[in-house]
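Undergrad: Okay, predicted coordinates and the sequence, questions at the end:
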Amino acid sequence: MKRSLVGEPGQLRTSLRGRTLSGLALFLFLAVISAPLLRAQQTDAPSNSNKQSEEALLQRVVQLEARLKEVEAALAKAQPGAAPAASAPPSAAAPTFTASPAPQEATRVPQLQAEQTEQEPMDLNRTLLRIRGYSDVNLHGSTLRGDPASTTAFGLGQVNLFVTSDVSDKFKFLSEIVFEAGSDNAFGVDVERMLLTYSFNDYLNVSVGRYHTAIGYYNTAYHHSTWFQTATGRPFLFAFEDQGGILPIHNVGASITGKVPSGSLGLHYVAEMGNGRAYRTTEPVQNTVDENTHKALNFAIFARPETIRGLQIGFSVYRDLLTPAAPPAIAETILAAHAVYTGLDFEWLNEALLIRNAPQGTPRVFNTPGFYSQISRRFHSYRPYFRYQYVNAPSSEPIFSPNVGLQHGPSFGLRYDMSEFVAVKMQYDYTMLRGDRAFHTVAFQTGFTF
Amino acid sequence: MASRWIVFCFFFGAATLLSGGLSAGLDAQSRGAADDSLAIVVNRTNPVENLSFPELRRIFLGEQTHWSNGRRITLVMLEPGNSERQAVLVQIYKMGEKDFNSYFLHGMFTGEIHAAPKALPSSAEVLKFVLNVPGAIGYVKAPDVNDSVKVVRVESRLPSEKDYLLRLRGKLPK
């Protein structure tokens, strides 16, 4: 069958109808697509009602005026001696959810203000200090014989003034100034912490001053405030030096801290170098003079996995050389490990450490192991807790007081948060000693921050 | 011929009305989503464009203290009693007001947190603060945002977009 190039009139009509319909379909499609655009253009088009146009123009004028005032204010600040301009609030333009860079004009003002903030000189009339206080009052009694401090008595705890300051964008200052009465009832003042820190970034912070040695967890988590602590006091492994503690809790020197790039593992490191503990003097912390030129070194690493918030697992090694008046010198190594979980409601602290004191030139090594485990659970404002602690120092240990020896036993307690800033605690301890009778201790404490 | 034009005009009119209606509906829907959203805002000079939710949480918890350009992060919050603050406490911090205070007091005491978030009374104050402090980050209701600050995407989404995480009455993000 021969096909005609022109075709029959009926075929031509069908073809034209098909083209018309497809063209109509295309037109309708374009109309659907372009309708919102047309609509949007119509909104801004001057052919709309005059009232809308006027309102839009007025709004724009207001925005421009506000912007002009901001520029004038910024320029006035930049030029010394210029009359101060009233600061204009940011323009109340319609919400924009663009994350793309704004036009150059829009960014100029914030940039200028940012530069102003950076170059702002120190205002000598304005204090940079922030002060918060922590303290506690106790009532305690014990059945321990021969200890003058074991009589039932009210006791003032430490009055801790925690002072911080933003020295600059990178420098910060922190200190704990503690007023404390000793067993002679006389008050004394100690600067327990004093640190100036320079923060390069999240991975490198350099500090100098007096700090709490990063041995284990407790020492750097609670410092000198009982209010933060669940129990009435520190585990005796972490007792302060002037309260019979066996660790170099404080140190004077320099430290480097920061994160280790480790993704969700959340690794952190601490490296410290300081004077270490004193051996010959009654003041255990070598604030200004060191008995030897050997420096105490401590390195700690710990992980805070992002998947289990509140969990921290870590390890630390401390090394120092103690020099008694009569040789030999004693090489001290402290190994510590911890696994703690501190959630909002549940808390479980576990720490173990080993103190190795090795007099140089002799084969003897004195090992003092210790650990504690503490568990607590919050029920509304109440938090019952339990702690078991253990420390075992050899009787011939050359560094520690003979009173340390073997001590172990459980503690039970209840913390009640009376308000956001006041906590009342009561605790019972049963402590067993080597070669002596076990003793009971009961303590009530009101800890607070102000 | 005339009947064809009538059909054409009918379809064209219907299509225009339909598309206009759909568009208006979509606009209303996105406006509704944006009205309920919390926008995370930073200074315009800040190079950050997008934050993952874990990153946002680290910043708000004070665990990340510096931006990628080395500038220190300054966190600004609205004062207690504010619905936006409540939403942030629930969705980002996952803690109440008391635990929030305790968290920052403890963090500052250990020295791990440099400073507690600055608390301001209104969204306008927050915007002004973010405008003036290059390292600042804060939040306001999405309709309160103006062009003095930059809105950061959270999990690659802007407040006006569907499945945006931070809402005044949003679900707890995983």
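TA: That came in fine, so what should we check first?
Undergrad: how near is the residue nearest the centre of chain B to B:Asp144?
TA: Nearest to the geometric centre of chain B sits B:Ala39, at 1.5 Å (C-alpha atoms, centre = their mean). B:Ala39 sits 8 Å away from B:Asp144, going by C-beta to C-beta, to the nearest Å. Where C-beta positions appear, they are placed from N, C-alpha and C, glycine not excepted.
Undergrad: What of A:Asn392?
TA: Distance from A:Asn392 to B:Asp144, counting by C-beta to C-beta: 63 Å.
Undergrad: Those two - which one has more neighbours?
TA: With neighbours defined as other C-beta atoms under 10 Å in any protein chain shown, A:Asn392 and B:Asp144 compare such that B:Asp144 has more, 18 against 15.
Undergrad: show me the contacts for the more buried one.
TA: A:95, B:39, B:123-124, B:127 (C-beta atoms under 8 Å, 6 or more residues apart in numbering or on different chains).
Undergrad: again, 10 Å this time
TA: By C-beta atoms under 10 Å, 6 or more residues apart in numbering or on different chains, B:Asp144 lies in contact with A:92, A:95, B:38-39, B:41, B:84, B:122-124, B:126-127.
Undergrad: Using a markdown table, lay out these together with secondary structure.
TA: As requested, the contacts of B:Asp144 are exported to a markdown table (DSSP: H, G, I helix; E, B strand; the rest coil):
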| residue | secondary structure |
| --- | --- |
| A:Ala92 | coil |
| A:Pro95 | coil |
| B:Leu38 | strand |
| B:Ala39 | strand |
| B:Val41 | strand |
| B:Glu84 | helix |
| B:Ser122 | coil |
| B:Ser123 | helix |
| B:Ala124 | helix |
| B:Val126 | helix |
| B:Leu127 | helix |
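Undergrad: Out of those residues, give me the two with the largest separation.
TA: The span of those, defined through C-beta to C-beta, is set by A:Ala92 and B:Leu38 at 18.6 Å.
Undergrad: Surely A:Leu344 and B:His106 touch.
TA: No - here A:Leu344 lies out of contact with B:His106, judged by C-beta atoms under 10 Å, at a distance of 11.9 Å.
Undergrad: Give me the residue at the spatial middle of chain A.
TA: A:Ala221 (9.4 Å).
Undergrad: What's the separation between that residue and chain B?
TA: Distance of A:Ala221 to chain B, computed by C-beta to the nearest C-beta, to the nearest Å: 6 Å.
Undergrad: what does A:Ser373 give?
TA: 21 Å.
Undergrad: cool, and A:Val178?
TA: On the measure of C-beta to the nearest C-beta, A:Val178 and chain B end up 13 Å apart.
Undergrad: A:Pro235 now?
TA: 18 Å.
Undergrad: mind checking how far that residue is from A:Ser373?
TA: 9 Å.
Undergrad: which neighbours do those two share?
TA: A:349, A:351, A:387-390.
Undergrad: mind putting these in JSON lines, secondary structure included?
TA: Shown next, in JSON lines, are these (three-state DSSP):
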{"residue": "A:Leu349", "secondary structure": "strand"}
{"residue": "A:Glu351", "secondary structure": "strand"}
{"residue": "A:Arg387", "secondary structure": "strand"}
{"residue": "A:Tyr388", "secondary structure": "strand"}
{"residue": "A:Gln389", "secondary structure": "strand"}
{"residue": "A:Tyr390", "secondary structure": "strand"}
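Undergrad: Show me which of these are buried.
TA: A:349, A:351, A:387, A:389-390 (16 or more other C-beta atoms under 10 Å in any protein chain shown).
Undergrad: Identify the bridge partners of A:Arg415.
TA: A:Arg383, A:Lys425 (DSSP bridges).
Undergrad: what's the burial count for it?
TA: 22.
Undergrad: cool, and the one 10 residues further on?
TA: Close neighbours of A:Lys425, defined as other C-beta under 10 Å, add up to 25.
Undergrad: Check it and give its pLDDT.
TA: Here, the pLDDT recorded for A:Lys425 equals 97.
Undergrad: Ignoring the adjacent residues along the chain, who's closest to A:Pro235?
TA: A:Tyr372 (4.1 Å; C-beta to C-beta, 6 or more residues apart in numbering or on different chains).
Undergrad: Return the residues in contact with A:Ser395.
TA: A:366, A:402, A:404-406, A:434-435.
Undergrad: TSV for the shared contacts of A:Pro235 and A:Ser373, including pLDDT and distance to chain B?
TA: Conversion of the shared contacts of A:Pro235 and A:Ser373 to TSV gives the following (pLDDT from 0 to 100; distance: C-beta to the nearest C-beta, whole Å):
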residue	pLDDT	distance to chain B
A:Leu349	97	14
A:Glu351	97	16
A:Arg387	97	19
A:Tyr388	97	24
A:Gln389	97	22
A:Tyr390	97	26
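Undergrad: Which member of the residues you listed is positioned nearest B:Val149?
TA: Nearest to B:Val149 among the shared contacts of A:Pro235 and A:Ser373, with distances taken as C-beta to C-beta, is A:Leu349, at 42.4 Å.
Undergrad: Can you list the low-confidence ranges for chain B?
TA: B:1-34, B:170-174 (pLDDT under 70).
Undergrad: Show me where it has its strands.
TA: Counting by DSSP state E, the segments of chain B that form strands are B:38-42, B:50-51, B:74-78, B:118-120, B:136-141, B:150-154.
Undergrad: Ramachandran coordinates for the residue in the stretch 251-400 of chain A positioned nearest to chain B?
TA: Here the residue of the stretch 251-400 of chain A nearest chain B is A:Leu344; by C-beta to the nearest C-beta that distance is 5.5 Å. With angles defined as degrees, to the nearest 10, A:Leu344 sits at phi -70, psi -40.
Undergrad: can you give me the helices in chain B?
TA: With DSSP state H as the criterion, chain B has helices at B:2-35, B:53-60, B:83-88, B:97-110, B:123-132.
Undergrad: scratch that, the stretch 201-350 of chain A is what I was asking about
TA: Per DSSP state H, counting those that start in this stretch, the stretch 201-350 of chain A carries helices over the ranges A:218-222.
Undergrad: Flag every residue of it that's near chain B.
TA: A:201-203, A:205, A:207, A:211-212, A:220-225, A:227-228, A:257, A:259, A:264, A:266, A:268, A:304, A:306, A:309, A:342, A:344-345 (C-beta under 10 Å from any C-beta of the partner chain).
Undergrad: ok, which stretches of the stretch 51-200 of chain A are helices?
TA: Counting by DSSP H, counting those that start in this stretch, the stretch 51-200 of chain A has helices at residues A:104-118.
Undergrad: Low-confidence stretches in chain A?
TA: Those would be A:1-62, A:66, A:69, A:71-127, A:148-149, if you go by pLDDT under 70 across chain A.
Undergrad: circling back to that earlier point, so the residue nearest to A:Pro235 bridges to which residues?
TA: Under the criterion DSSP bridges, A:Tyr372 forms beta bridges with A:Glu351, A:Gln389.
Undergrad: Please give the number of neighbouring residues around it.
TA: 23.
Undergrad: Brilliant, that's me finished.
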